[in-house]
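*Asks:* need the 3D shape of this:
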Amino acid sequence: MAYIVVKLGGSVCEGPSSAPALARIVSSYREPAVFVLSALKGVTDRILAFSSSDSGKSAEAARALAQSLKLQYGAFAAAFSPEAAALSSIEEGLAILADEFVAAALSEKGDSFARLASYGERFSALAFSAALVPALANDLSGHGVADDGTSRGGRSGLPVAFPEDLGLGAQLKEGAHDDASCEDPAAAWPALERELARWGRLAVPGFYGMLPDGGVALYGRGGTDYSAVALAAAGGARSCDLYKDSAALRSADPAFVDGTRAVPRLSYGEASDLSASGARVLHPRTAGLAERHGITLRIVSLAGEQGSVVCANISGKARARPKAIALGHPYGEAARTGPGQGPRDEELRALSIVGEGIALASIYAVQAMKALEGQGIPARSIHFDPSGRKLAFLVPEAQGVLALRALHAAFFGAGRVS
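*Replies:* Next up is the predicted model:
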């Protein structure tokens, strides 16, 4: 079956005000489509704050938050103006999720944190199904029972399926609590194909998958990107469209640099390196999963503007050139590669220049060093990545943003330096 996967992140799912734009996105897809949902903007932070607070094991506080989420997502669903029967079904499902949320908050099971954290996405997918549901007949006698006769917690009368319904797996490294991986996306295809054949368009919560023992594991913060690619890989989707608040990956973070440029095309390796180096566009392991299964990624804006395309590795005949520069998180002094490279208690920051072949052409390292020296910024170390795609510099943390601007101006001819 030919299909496409569409990821809708929290930056484009803010609440009822987002409904008109989201409805336009839905209507723009004519082929079978899986819509993978993040939590509404700010919801995951609310859940995590609750979980880590003193009231995290209070039944009263859990019920209060669950009720608040039920009302918030009920308003989101109603904004799509579904027929009364569909909205009633969704509201019933939201009430069931609210009860489950309270149970997860009070649970002592090993996966209780991951399960609780996943509820923002669960609420989102159920509420978003209001944008997908066709005109339902008044007879909802099958509600609550799937085609295979199993209970679906109030979801079977709606075009929504959860990872546990699909068998979307997750594996954790020993000792890890999140940042799970999906090693066998194809295991979810039989159920996913069945749901697509039934509905044509399907809503699925992102961010989490199911452990072999039935527990919940998170794919890591921003893991809805990863979920979307896993579902695209399940049956070999034509592409995976990632809707973001920006239409394209930029040559640097616009929060720090003026005059950045859109990057229209990246290889899987370039996208992986940028994500791992601090660029905040893709979940760090998303491009690698897409590469392993040959899935084309398209970054699209809420307005429907296609920006960056991440696809098969760019031909080695292409001229090496920088695509973008990423500013990483501060490092402690232990990140230093040798003695005598500055004060031992100095905080450092990594700057990564990424582009196929640039670490194999010394001219780019020389140009970067000159740009840093011109601003009086000492490079504590330089790393030529074996892939040939990345040059990384460690600079004093206090000068990290200035260094980013200097390098961007040197390579892209734009950006405020001082």
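*Asks:* all helices for the protein, in order.
*Replies:* Remark: helices of the chain, listed N- to C-terminal, are 19-27, 43-52, 59-78, 84-106, 112-117, 119-128, 163-166, 189-199, 224-235, 268-276, 286-293, 362-374, 400-412; assignment by DSSP state H.
*Asks:* which ones are touching Ser129?
*Replies:* 77, 90, 158-160, 203 (CB atoms under 8 Å, 6 or more residues apart in numbering). For the C-beta atoms, the positions are set from N, CA and C on the backbone; glycine is no exception.
*Asks:* any low-confidence regions in the stretch 51-200 of the chain?
*Replies:* Across the stretch 51-200 of the chain, the ranges flagged by pLDDT under 70 are 55-56, 134-154, 156.
*Asks:* what about the nearest residue to Ala59 once chain neighbours are set aside, neighbour count?
*Replies:* Among residues not flanking Ala59 along the chain, Leu106 sits closest, at 6.1 Å (CB to CB, 6 or more residues apart in numbering). The local packing of Leu106 (other CB atoms under 10 Å) involves 15 other residues.
*Asks:* contacts only, for Leu106.
*Replies:* For Leu106, the set of contacting residues under the criterion of CB under 8 Å, 6+ apart consists of 57, 59, 62.
*Asks:* narrow the contacts of Ser129 to those that are buried.
*Replies:* The neighbour-count test (16 or more other CB atoms under 10 Å) applied to the contacts of Ser129 identifies 77, 90, 158-160, 203 as buried.
*Asks:* how about these in TSV, adding distance to Ala39?
*Replies:* Supplementary listing: these in TSV, determined by distance: CB to CB, whole Å:
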residue	distance to Ala39
Ala77	14
Ile90	17
Leu158	18
Pro159	19
Val160	15
Ala203	13
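*Asks:* farthest-separated two in the residues you listed?
*Replies:* For these, the maximum inter-member distance is 12.8 Å, found between Ala77 and Pro159 (CB to CB).
*Asks:* how's the protein carved up into domains?
*Replies:* Each domain of the chain is listed here as a residue range: 4-245, 324-412, per automatic domain parsing.
*Asks:* give me whichever of the ones you listed is most buried.
*Replies:* Each of those was scored by mean neighbour count; the highest is domain 4-245, a mean of 20, by mean count of other CB atoms under 10 Å.
*Asks:* check the offset of that one from the chain's centre.
*Replies:* Between the mean C-alpha location of domain 4-245 and the chain-wide mean there is a distance of 14 Å, by CA atoms, centre = their mean, to the nearest Å.
*Asks:* what's the span of it, first residue to last?
*Replies:* Across domain 4-245, the straight-line distance between its terminal residues is 20 Å, by CA to CA, to the nearest Å.
*Asks:* how near is Glu108 to Lys57?
*Replies:* If you measure Glu108 against Lys57 using CB to CB, to the nearest Å, the figure is 9 Å.
*Asks:* nope, Val26 is what I meant
*Replies:* Counting by CB to CB - Val26 and Lys57 are separated by 39 Å.
*Asks:* what does Phe256 give?
*Replies:* Here the criterion is CB to CB. By it, Phe256 lies 40 Å from Lys57.
*Asks:* Ala406 now?
*Replies:* 50 Å.
*Asks:* again, but for Lys109
*Replies:* When distances are taken as CB to CB, Lys109 and Lys57 turn out to be 13 Å apart.
*Asks:* so what's Val6 bridging to?
*Replies:* With beta bridges defined as DSSP bridges, Val6 has these partners: Phe35, Asp241.
*Asks:* spatially nearest residue to Ala248, not counting backbone neighbours?
*Replies:* Gly307 (2.6 Å).
*Asks:* quick one: contacts for the nearest residue to Gln399 once chain neighbours are set aside?
*Replies:* By the measure of CB to CB, 6+ apart, the closest residue to Gln399 outside its immediate chain neighbours is Ile377, 4.9 Å from it. If you count contacts by CB under 8 Å, 6+ apart, Ile377 has them with 395-396, 399, 402-403, 406.
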